[in-house]
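Colleague: No letters, just coordinates:
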């Protein structure tokens with residue numbers, strides 16, 4: 001295996017060490033928040049994709065559970081909103097009683 005040039009490794013390391021910090025310093029707060037939100041989602045999706053690639057039986061079980069839930073309650077969202085319509089605005093009932 002070819003050995004790396006130590007001078008090139010040191011230069012690359014220097015640039016890599018300050019690159020992320022410089023990028024974050026140049027971003028606004030909103031940009032940093034958006035970057036963190038998207039980066040977190042992408043990383044999470046990539047990790048789960050790798051997990052399911054290594055364990056295809058787990059993916060199959062997950063999809064079967066999802067399919068079963070979809071069949072069990074076809075009008076799930078409508079049922080929930082109907083139920084909430086009979087209650088007052090406070091679901092925890094801390095400030096008011098259920099609407100009748």
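Modeller: Structure received. Note that this is a predicted model, so its numbers are computed, not measured.
Colleague: Now residue 32: which helix or strand?
Modeller: Following DSSP states H and E, one finds residue 32 within helix 29-54.
Colleague: which other helices and strands contact that helix?
Modeller: Other helices and strands packing on helix 29-54, by 3 or more CB pairs under 8 Å, 6 or more residues apart in numbering; DSSP states H and E, are helix 56-72. The C-beta positions use only the backbone N, C-alpha and C, and glycine is treated the same way.
Colleague: re the thing from before, pLDDT (mean, whole number) over the helix holding residue 32?
Modeller: For helix 29-54, mean pLDDT rounds to 86.
Colleague: what does stretch 11-24 give?
Modeller: Mean pLDDT, stretch 11-24: 78.
Colleague: Tell me which residues are up against that stretch.
Modeller: If you take CB atoms under 8 Å, 6 or more residues apart in numbering as the criterion, stretch 11-24 is touched by residue 32.
Colleague: which parts of it are buried?
Modeller: For stretch 11-24, a neighbour-count test (16 or more other CB atoms under 10 Å) marks nothing as buried.
Colleague: What separation is there between residue 6 and residue 45?
Modeller: From residue 6 across to residue 45, the span is 37 Å (CB to CB, to the nearest Å).
Colleague: for residue 53, same thing?
Modeller: Residue 53 is 12 Å from residue 45, where distance means CB to CB.
Colleague: Next: residue 30.
Modeller: Relative to residue 45, residue 30 is positioned 23 Å away (CB to CB).
Colleague: same check, this time on residue 26
Modeller: 27 Å.
Colleague: got it, and residue 69?
Modeller: 21 Å.
Colleague: go on, residue 7?
Modeller: Distance from residue 7 to residue 45, by CB to CB: 38 Å.
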